[in-house]
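> Could you work out the structure for the sequence below:
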Amino acid sequence: MSMYGIVKVKNGKYKIKGDFHHITPNMPIRNEDEGWRLVGVTNPRDMTYIHTYGGEAVFFENLCKGKIHGSRCDNPDCEFKGTV
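Predicted coordinates for the structure are as follows:
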């Protein structure tokens with residue numbers, strides 16, 4: 001039995017463990033209207049994406065603590081200077 005893929009960070013490095021690859025056989029595609037004539041095959045793929053919050057990590061971490069962070073543009077050329 002396979003284990004689902006797990007990703008964690010330890011010592012600043014991603015640690016990937018488990019099963020991220022699932023073998024799925026190709027299957028015939030047949031035309032029912034033409035006596036089940038073979039017209040193609042499926043080519044199944046399973047992809048696993050690993051997403052990180054990146055620069056937004058502090059925002060999301062504090063959001064769950066009931067805090068919200070914002071930013072302000074102090075650039076004199078900014079269209080909305082001083083707005084939050």
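
> okay, and for the protein, where does confidence drop off?
Along the chain, the parts satisfying pLDDT under 70 run over 1-2, 81-84.

> mind giving me the domain ranges of it?
As recorded under automatic domain parsing, the domains making up the chain are 6-50, 52-84.

> Is it possible to get CSV of those that adds mean neighbour count?
Where you see a C-beta, it was placed from the backbone N, CA and C, and this is true even at glycine. Shown next, in CSV, are the domains of the chain (neighbours: other Cβ atoms under 10 Å):
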stretch, mean neighbour count
domain 6-50, 9
domain 52-84, 9
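
> Tyr4 and Cys78, how far apart?
Relative to Cys78, Tyr4 is positioned 46 Å away (Cβ to Cβ, to the nearest Å).

> Please name the residues that touch Leu38.
If you count contacts by Cβ atoms under 8 Å, 6 or more residues apart in numbering, Leu38 has them with 28-30.

> from memory Thr24 sits against Asn43, does it?
No - under the criterion of Cβ atoms under 8 Å, Thr24 makes no contact with Asn43, lying 9.3 Å away.

> What residue in the protein is the furthest from its centre?
Gly35 (41.5 Å; Cα atoms, centre = their mean).

> now, which of the contacts of Leu38 sits nearest Thr52?
Nearest to Thr52, judged by Cβ to Cβ, of the contacts of Leu38 is Ile29 at 37.7 Å.

> any idea which element that closest one lies in?
Here Ile29 sits within strand 28-31, counting by DSSP states H and E.

> Helices of this structure, start to end?
For the chain, the helices defined by DSSP state H cover 57-63.

> So which residue is smack in the middle of the chain?
With distances taken as Cα atoms, centre = their mean, the residue of the chain nearest its centroid is Tyr49 (4.0 Å).

> May I have the phi/psi pair for it?
As for Tyr49, its main-chain torsions (degrees, to the nearest 10) stand at phi -100, psi 140.

> Strands along this structure, start to end?
6-10, 13-17, 28-31, 37-41 (DSSP state E).

> Dump the C-alpha coordinates for the shortest one into CSV.
What follows is the C-alpha trace of strand 28-31 in CSV, where atoms were taken according to Å, rounded to 0.1, in the frame of the first residue of the first chain:
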residue,chain,number,x,y,z
PRO,A,28,-8.1,2.4,-25.6
ILE,A,29,-10.6,5.0,-26.9
ARG,A,30,-13.1,3.3,-29.1
ASN,A,31,-15.9,4.7,-31.4
